[in-house]
Each structure stands twice: as structure tokens, then as C-alpha cells.
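Enquirer: Return a 3D structure for these sequence lines:
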Amino acid sequence: MTSIVFLVSSNGGTLKFIDQYMKFYKLSDFEISAVIADRACKAIEYAESNQINHKIISYNKNNRTDLYTALEILNPDVIITNIFKILDARLVSRFKHKLINFHYSLLPAFKGLIGTSTIQEAR
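Expert: This next block holds a predicted model:
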């Protein structure tokens, strides 16, 4: 079983899409083992209403331990990041072969832009 953890901060569009896709196609070899957010958000609400393990943690330059510890305990196969934070070097190094960044922003070239705004600016 492939274990997936989502790191989120907002609406959870990618989380919802992948969860619904896995249910529709009955992909039993994959499991969303947790949704971790840095704040209350729609993605956490979705996880709660769909009985997906979820947790809100503090993650900032002064507190990086909670996220690192949660990921160590969960030990997922894949970590999909949509979190509105820049992940620190230690975390990226430790989980480098597991991380997939699905955040919409094309940082640093288009700092602060999300969604299709970055695509429009990149043209």
C-alpha cells in the first residue's frame, strides 16, 4: 500500500481531486494516510468529513519540529505539498525522494501569485 500525506494550507483542490479519483477508480493500492495543515482550512474540513486522518500543526521559522516529527511518525511513501510555506532544508533533505510540490506559485520568479496568475505572468 502506497501511503500519501498532504501538506496543505487552503482549499485542498489537489487533495479532493486525488481522493475522489482513488475512490472512483477503486485504487486500493493507495491510501491518503494524513492531511497536515498549518492552519484551519477547507482541506482540513474535507479530511474531517471524509474520515481522513488530519492534524493542524505550527510550522514557521521558529517551529519546524512539529511537521518534521509528524512526518517521521507517519513515514509516508509520498508527500504532496500544497502548503503556503517554504519547507526548510532539513525537511527537504530528509524527505527529498518523497516530496511532490503541487503549489501553484512559481516562486521565486512570481512571488506571492497563485493559481493561473503565475501562468499568465510567465507567458
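Enquirer: Which parts of the chain are strands?
Expert: 2-8, 30-37, 54-56, 78-81, 99-101 (DSSP state E).
Enquirer: Show me which of those strands has the highest average neighbour count.
Expert: strand 2-8 (a mean of 23; mean count of other CB atoms under 10 Å). C-betas here are computed from N, CA, C, even on glycine.
Enquirer: hey, C-alpha coordinates of that strand in CSV?
Expert: Below are the C-alpha coordinates for strand 2-8, written out as CSV (Å, rounded to 0.1, in the frame of the first residue of the first chain):
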residue,chain,number,x,y,z
THR,A,2,1.4,3.4,-1.0
SER,A,3,0.8,5.9,1.8
ILE,A,4,0.3,9.6,0.8
VAL,A,5,0.4,12.6,3.1
PHE,A,6,-0.8,16.0,2.0
LEU,A,7,0.7,19.2,3.4
VAL,A,8,-2.0,21.9,2.9
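Enquirer: So what are the sheet partners of that strand and their directions?
Expert: strand 30-37 (parallel), strand 78-81 (parallel) (DSSP bridges).
Enquirer: Pull the residues that contact stretch 52-60.
Expert: With contact meaning CB atoms under 8 Å, 6 or more residues apart in numbering, stretch 52-60 is reached by 19, 32-40, 44, 46-48, 66-67, 70, 83, 85.
Enquirer: shaky segments in this protein?
Expert: Counting by pLDDT under 70, the ranges of the chain that qualify are 103-123.
Enquirer: in it, which spans are helices?
Expert: Per DSSP state H, the chain has helices spanning 13-24, 42-49, 65-74, 89-94, 116-122. These are given in chain order.
Enquirer: Relative to residue 100, which of those helices is closest?
Expert: Checking the helices of the chain against residue 100 by CB to CB gives helix 13-24 as the closest, at 9.6 Å.
Enquirer: Correct me if wrong: residue 30 contacts residue 22.
Expert: Yes: using CB atoms under 8 Å, residue 30 makes contact with residue 22 at a distance of 5.5 Å.
Enquirer: Many thanks, have a good one.
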